[in-house]
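Peer 1: coordinates for the following, if possible.
(one chain, ligands or ions: 1)
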Amino acid sequence: MRPGQATRSDFPVLDQQVGGKPLIYLDSAATAQKPRQVIAALSSFYERDNANVHRGLHALSMRATDAFEHARARLARFIGAADPAELVFTAGTTDSINLVAQTWATANLRPGDAILLTEMEHHSNLVPWQLAAARTGATLRFLPVAGDDAEHGLDLDRLDEFLTPQVKLFAFTHQSNTLGILNPAAELCRRARAVGALTLIDAAQSIGHEALDVQALGCDFLAFSGHKMCGPTGIGALYGRRALLDAMPPWRGGGGMIENVEFSGSTWKPAPERFEAGTPNIADAIALATACDYLDGIGRPAIAAHDHHLAALAHAAIAGLPGIRILGPRLGSPRAGLVSFAFKDIHAHDVVTFADQQGVALRGGHHCNMPLMKKLGLPSTARASFYLYNTEAEVAAFAAAMHKVVKFFGA
Ligand code: 7TS
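Peer 2: Below is the predicted model:
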């Protein structure tokens, strides 16, 4: 099946009207919609297999355990990890990054060390490092974005200036959730490795769109969320190289993560169980494996090409509007699947509210990129983000709504 119209019958939620207009969902960067197959996997688990994992010897518990571990292996394969033990289930990207910031950072960083981030990080890949820096005495550095509208992306000409041997970890986003920029992740990992720094890739935005292979990327950690790749909310994963995970201390204690417990102290299982204290999110993990099957059934290269095409069309369709400022790549340059923009005299929240009255779901705000927005001198932008179920007709409806916004507010 090709991305676009043909997929829409898989997504029940898309078949509805909002305020008397057909829903046009352009907020997949916030969360993606779920295909029937994923919804069916969830209800099937609860209807037939529900039991706790790794504990029971009864049929349902063994079935649930098998399905849960199968899901881990499926996810590992989805990202090209060699070993399912390198895949830790978490609640999502934020949780995965906090895991590394709490455990690896606390055990390994000391005053004089630096963590390199970029100016385009989501708060999820910034605030955990601020907390880690405060705990360990390490400092934070930020690789700048270049251009008044960040149109040149990361300033790679200045990378050597920031990526010095003091840097112990370079944590960066694969794809910006505000700029529509896909970063050259493999090159960034290679440059980090050359100075002895580990790398963490925030793949929240790229995971459901781009073909992605942790071994080809050469990263040490990779964090992502299930809900941005057609899976359920509340589930995601941290990939970590096996030797690194096994050397990291646990961060949450409880059942499932221990080897032996005495009143006087405990010892831990190896990864990934070491980092999965308590009953895990079993049903959502299993349904996330179904999301992997769904996406690979369509093909991630085809999904990426489709999303990039729609974003470029949307960019071209609104670029001539009076007073508009579009962030990220200039017209004609490659753009990942979203476009975020601001009008000189219209607040982004007015744009989004107006679009909603046309049935068009956008996001408005700082997109959890507050420092970036401040640097660019913008309080907020409106953002249209595209996914496999969007169509060219929806891009045209979005563009028509934006033309109406300008007329309505008389900008
Ligand atoms: N990193 C990036 C690049 C993101 O875009 C997001 C979520 C996160 C991390 C956090 O993911 P979570 O699943 O743990 O919340 N971004 C957005 C967004 O752009 N609009 O809503 C959420």
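
Peer 1: for the rest of this, base every contact and every neighbour count on C-alpha atoms.
Peer 2: Noted.

Peer 1: does any part of stretch 99-107 sit near the ligand?
Peer 2: No. Figure legend: stretch 99-107 not in contact with the ligand (Cα under 6 Å from any ligand atom); closest approach 12.0 Å.

Peer 1: would you mark the buried spots in that stretch?
Peer 2: 99-106 (16 or more other Cα atoms under 10 Å).

Peer 1: for residue 31, report the pLDDT, please.
Peer 2: pLDDT, residue 31: 98.

Peer 1: ok, now residue 57?
Peer 2: Looking at residue 57, the pLDDT reads 89.

Peer 1: quickly find the element holding it.
Peer 2: Secondary structure assignment for residue 57, by DSSP states H and E: no helix or strand.

Peer 1: what's the neighbour count on it?
Peer 2: Residue 57 has 10 neighbours, counted by other Cα atoms under 10 Å.

Peer 1: ditto for the one 4 residues further on
Peer 2: Around residue 61 sit 18 other residues, with neighbours defined as other Cα under 10 Å.

Peer 1: check contacts around the residue of the stretch 301-411 of the chain found nearest the ligand.
Peer 2: In the stretch 301-411 of the chain, the residue that lies nearest the ligand is residue 367 (5.2 Å; Cα to the nearest ligand atom). By Cα atoms under 8 Å, 6 or more residues apart in numbering, the residues touching residue 367 are 122, 177-178, 380.

Peer 1: walk me through the domains of this protein.
Peer 2: The chain resolves into domains spanning 5-30+300-409, 39-296 when parsed by automatic domain parsing.

Peer 1: how close does the spatially closest residue to residue 257 that is not a sequence neighbour sit to the ligand?
Peer 2: Excluding its sequence neighbours, the residue lying closest to residue 257 (Cα to Cα, 6 or more residues apart in numbering) is residue 274, at 4.4 Å. Residue 274 sits at a distance of 21 Å from the ligand (criterion: Cα to the nearest ligand atom, to the nearest Å).

Peer 1: helix, strand or coil for residue 274?
Peer 2: Assigned with DSSP: H, G, I helix; E, B strand; the rest coil, residue 274 falls in the helix class.

Peer 1: just checking, it touches residue 254?
Peer 2: No. At 9.7 Å, residue 274 does not count as touching residue 254 under the criterion of Cα atoms under 8 Å.

Peer 1: would stretch 369-385 count as contacting the ligand?
Peer 2: No. Stretch 369-385 does not reach the ligand (Cα under 6 Å from any ligand atom); its nearest approach is 8.7 Å.

Peer 1: using CSV, list the CA coordinates for that stretch.
Peer 2: Taking C-alpha atoms only, stretch 369-385 is exported to CSV below (Å, rounded to 0.1, in the frame of the first residue of the first chain):
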residue,chain,number,x,y,z
ASN,A,369,11.6,24.8,22.0
MET,A,370,11.5,27.9,24.2
PRO,A,371,15.2,28.8,24.0
LEU,A,372,15.2,28.4,20.2
MET,A,373,12.1,30.5,19.8
LYS,A,374,13.7,33.2,22.0
LYS,A,375,16.8,33.2,19.9
LEU,A,376,14.7,33.5,16.7
GLY,A,377,12.7,36.4,18.3
LEU,A,378,9.4,34.6,18.1
PRO,A,379,6.9,34.0,20.9
SER,A,380,5.3,31.2,19.0
THR,A,381,4.6,29.6,15.6
ALA,A,382,1.8,27.7,14.0
ARG,A,383,2.9,24.3,12.8
ALA,A,384,1.4,21.9,10.2
SER,A,385,2.9,18.4,10.4
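
Peer 1: neighbouring contacts of the helix or strand harbouring residue 38?
Peer 2: Using DSSP H and E, residue 38 sits within helix 36-44. Residues from elsewhere that reach helix 36-44, judged by Cα under 8 Å, 6+ apart: 10-12, 230-232, 283-284, 286-288, 290-291, 294.
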